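sequence and predicted structure below; questions after.
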Amino acid sequence: MKLKQALLICILFVTTSLSAHDYFFAFAEMKYNEVSGRIEATITLTTHDYERSLRERGVLNQEISKLADDEEAYAIFQADLNKGFKLNVNGKEIHFNLEGIEVQLTGVTNFHLSAEVPSSITKLEMTFDLLMESFVEQQNKITFIYRNNKSSYEFLQNKITQEIILSNE
């Protein structure tokens, strides 16, 4: 009897530790391209976390890898992505276009985004609370590139918005 209990405890421990993880992260690299007048971004996050969040919030019940085959689901997904990754330029809200999705065999997905922006940018306000509604442990980070300079910004449950002031030097 004790052997069965020990075996059951071991199985439960292994199965819960395989499917769960303690930390949730999303990373973004964002670059202001002055020549094209666009901001280009790539968001990288864990695929199964985002799919779970989409299902639990009732947004989509579909694998991310199959979005390209369904125009309506792609549009719904793009709108959801824009809710969790927001940009204000000089006080005006800018929406990103989802240019492509790369689902990696490593369990992460890269989302490639771009947005047209005004020619003279002085201030960006980023809100990056993607997945924070679903995972209280979620932490996000943006690396912003402007004129070959990189700056990093962290986004936590208590700090979902960051301000970026651009210098014209």
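Thanks, I have the structure now.

can you list the weak-confidence ranges in the chain?
1-23, 168-169 (pLDDT under 70).

hmm, try it at 50
For the chain, applying pLDDT under 50 flags the ranges 8, 12, 14-19.

please enumerate the strands of it.
24-33, 38-46, 85-89, 92-94, 97-103, 108-116, 123-128, 138-146, 149-155, 161-165 (DSSP state E).

E72 is nearest to which of those strands?
strand 97-103 (13.7 Å; C-beta to C-beta). (Glycine included, C-beta is placed from N, CA and C.)

each with direction, which strands does that closest one pair with?
Partner strands for strand 97-103, per DSSP bridges, with pairing direction: strand 108-116 (antiparallel).

the strand it pairs with: which residues count as buried?
Buried residues in strand 108-116, counting neighbours by 16 or more other C-beta atoms under 10 Å, are found at V108, T109, F111, L113, S114, A115.

reformat those as JSON lines; add distance to S151.
Shown next, in JSON lines, are these (distance: C-beta to C-beta, whole Å):
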{"residue": "V108", "distance to S151": "23"}
{"residue": "T109", "distance to S151": "24"}
{"residue": "F111", "distance to S151": "21"}
{"residue": "L113", "distance to S151": "19"}
{"residue": "S114", "distance to S151": "20"}
{"residue": "A115", "distance to S151": "19"}
